[in-house]
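1. Whatever this is, show me its structure:
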Amino acid sequence: MRPLTEEETKIFFEKLTKYIGENIKLLLDRADGAYCFRLHKDRVYYVSDKIMKQASNVARENLVALGTCFGKFTKTRKFRLHITALDFLAPYAQHKIWVKASAEQQFLYGHHVMKSGLGRITENTPKYQGVIVYSMSDLPLGFGVAAKATAECRHADPMHIIAFHQADLGEYIRAEETLL
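-> Modelled structure (predicted):
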């Protein structure tokens, strides 16, 4: 368990900025205490300072996980967000997409969001911007990248992709052995 290097921090914060913008500060300085990001076995964990100090007594080889896993660095040093970060990203999301009830199951199975399943979209969502995908009852289902801007969505064909799938709640079942 160690702090992120300058390069790792830059890559990680660029990825988070795609989804929550400048709200990263709100993740670190919370009312219930100070939080930080730590790297352990190529995975980035979001942990409170209090728990981190207690975990420093555990040997690095014996430590399995610490806090909430936000994602991992690939072998090519790119960062991939995990679905475990959804609960922390959703409250601060700048761009959102709501899917109809008929399209929820398809998204949870790992498919992209199609125009026919689009319920609502945040105004002025640019193309290739990170979005949080919600059900119509405001339950966060996952996240992805907008394939079309808001203006393009209005005139799109029902079978066009509106958002590319990146992670969804179904991954807890489909990929449970790789989440930790």
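2. Any figure for the gap between the spatially most distant residue from the centre of the chain and residue 1?
-> Taking CA atoms, centre = their mean, the residue of the chain most remote from its mean C-alpha position is residue 57, at 30.0 Å. Distance of residue 57 to residue 1, computed by CB to CB, to the nearest Å: 11 Å. (Glycine included, C-beta is placed from N, CA and C.)
3. Contacts only, for residue 48.
-> Shown in contact with residue 48 (CB atoms under 8 Å, 6 or more residues apart in numbering): 32, 33, 34, 35, 67.
4. Quick one, which of those residues are buried?
-> When these are checked for burial by 16 or more other CB atoms under 10 Å, the buried set is 35, 67.
5. Now tabulate the contacts of residue 48 in TSV and tack on pLDDT and distance to residue 52.
-> Listed next are the contacts of residue 48 as TSV, based on pLDDT from 0 to 100; distance: CB to CB, whole Å:
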residue	pLDDT	distance to residue 52
32	86	15
33	83	11
34	85	10
35	89	9
67	87	8
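6. Now residue 85: closest residue in space that isn't a chain neighbour?
-> residue 70 (4.3 Å; CB to CB, 6 or more residues apart in numbering).
7. burial measure for the one you found, as a count.
-> Number of residues near residue 70 (other CB atoms under 10 Å) recorded here: 23.
8. now residue 12
-> Neighbour tally, residue 12, other CB under 10 Å: 20.
9. Am I right that it is in a strand?
-> No - under DSSP: H, G, I helix; E, B strand; the rest coil, residue 12 falls outside any strand and is assigned helix.
10. Surely it is in contact with residue 79?
-> Yes - judged on CB atoms under 8 Å, residue 12 makes contact with residue 79 at a distance of 5.4 Å.
11. any shared contact partners between these two?
-> 44, 71.
12. Can you tell me how far residue 102 is from residue 117?
-> Separation of residue 102 from residue 117 (CB to CB) stands at 6 Å.
13. Ok, residue 42 next?
-> 34 Å.
14. Compare residue 102 and residue 117 (neighbour count), which wins?
-> Higher neighbour count among residue 102 and residue 117: residue 117, with 22 against 10, using other CB under 10 Å.
15. what are the ranges of the strands in this protein?
-> Along the chain, the segments classed as strands by DSSP state E run 2-3, 29-30, 33-40, 43-48, 68-73, 79-81, 96-99, 113-114, 118-121, 130-135, 140-146, 161-168.
16. Name the nearest residue to residue 104, sequence neighbours excluded.
-> Residue 104 sits nearest to residue 135 (CB to CB, 6+ apart), 5.4 Å away.
17. By mean pLDDT, point me to the weakest helix or strand of this protein.
-> Least confident helix or strand, the chain: helix 176-179 with a mean of 70, by mean pLDDT, DSSP states H and E.
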